[in-house]
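In: whatever this is, show me its structure:
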Amino acid sequence: GSQHQRREQDVVTLWLDKSTGSGFKSLRPYRSGYFGASIKLQPGFTAGVDTSLYLSNNQEHPGDHDEVDIEFLGTTPGKPYSLQTNVFVRGSGDRNVIGREMKFTLWFDPTQDFHHYAILWNPNQIVFFVDDVPIRTYNRKNEAIFPTRPMWVYGSIWDASDWATENGRIKADYRYQPFVAKYKNFKLAGCTADS
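Out: You can find the predicted model right below:
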């Protein structure tokens with residue numbers, strides 16, 4: 001909730017503790033565009049924690065929503081974070097294309113400094129970027145497996161112990177709370193749904 005976030009100058013800090021996580025949402029939905037932020041993750045024990053930047057229309061279409069995710073899956077000391085991308089269409093994954101979720105090991109430590117993560121979504125493809133390097137392209141093959149409805153931009157930190165770290169084998173351990181994520185350099189450039 002809002003009691004688990006702080007804005008200082010150009011940095012938004014979100015945190016998760018035993019009581020709740022936190023997040024933010026854009027003021028308006030978009031039909032397409034470039035959406036990014038620089039994010040710095042917490043070092044140490046973060047197993048079970050999901051820190052994310054994503055597009056979604058879940059509030060508008062509960063149970064039948066679209067979502068495009070960049071997620072950081074928490075870890076244990078000495079092991080790297082996994083970055084996971086995901087495309088979720090009309091309440092389920094694409095089912096027709098293997099690998100709607102894809103995991104990546106980053107070539108740097110995301111806890112040492114801010115790095116920029118972004119989603120480019122247009123009518124033909126979705127491209128995921130890390131520091132302006134494209135790491136995945138999801139092409140539109142047909143409308144059934146590609147999000148076309150307006151979506152909002154979100155950022156969040158939450159307990160995903162059921163699946164985030166080693167398929168849920170290692171859970172969030174609140175002896176290490178609060179779990180913190182920092183966001184800055186927001187870039188939202190797109191066609192709003194009301195334009």
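In: now do the contacts for the closest residue to Ala172 other than its chain neighbours.
Out: Counting by Cβ to Cβ, 6 or more residues apart in numbering, the nearest residue to Ala172 once its immediate chain neighbours are dropped is Gly48, at 3.2 Å. (Each C-beta comes from the backbone N, C-alpha and C, glycine too.) Gly48 makes contacts with Gly74, Asp159, Ala160, Ser161, Ala164, Thr165, Ile170, Lys171, Ala172, Asp173, as judged by Cβ atoms under 8 Å, 6 or more residues apart in numbering.
In: mind redoing it with 7 Å?
Out: Shown here is Gly48, whose contacts under the criterion Cβ atoms under 7 Å, 6 or more residues apart in numbering are Gly74, Asp159, Ala160, Ser161, Ala164, Thr165, Ile170, Lys171, Ala172.
In: so can I have JSON lines of the residues you listed showing pLDDT, neighbour count and secondary structure?
Out: Below are the contacts of Gly48 laid out as JSON lines (pLDDT from 0 to 100; neighbours: other Cβ atoms under 10 Å; DSSP: H, G, I helix; E, B strand; the rest coil):
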{"residue": "Gly74", "pLDDT": "95", "neighbour count": "30", "secondary structure": "coil"}
{"residue": "Asp159", "pLDDT": "96", "neighbour count": "19", "secondary structure": "strand"}
{"residue": "Ala160", "pLDDT": "94", "neighbour count": "21", "secondary structure": "coil"}
{"residue": "Ser161", "pLDDT": "94", "neighbour count": "18", "secondary structure": "coil"}
{"residue": "Ala164", "pLDDT": "91", "neighbour count": "26", "secondary structure": "coil"}
{"residue": "Thr165", "pLDDT": "92", "neighbour count": "24", "secondary structure": "coil"}
{"residue": "Ile170", "pLDDT": "94", "neighbour count": "17", "secondary structure": "coil"}
{"residue": "Lys171", "pLDDT": "96", "neighbour count": "17", "secondary structure": "coil"}
{"residue": "Ala172", "pLDDT": "96", "neighbour count": "23", "secondary structure": "coil"}
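In: ranges for the strands of this structure?
Out: Ranges of strands in the chain, per DSSP state E, are 5-8, 11-16, 22-25, 30-41, 49-56, 67-73, 82-89, 92-93, 101-105, 115-121, 125-130, 133-139, 152-159, 179-192.
In: deepest-packed of those strands, please.
Out: Highest mean neighbour count among those (mean count of other Cβ atoms under 10 Å): strand 49-56, with a mean of 25.
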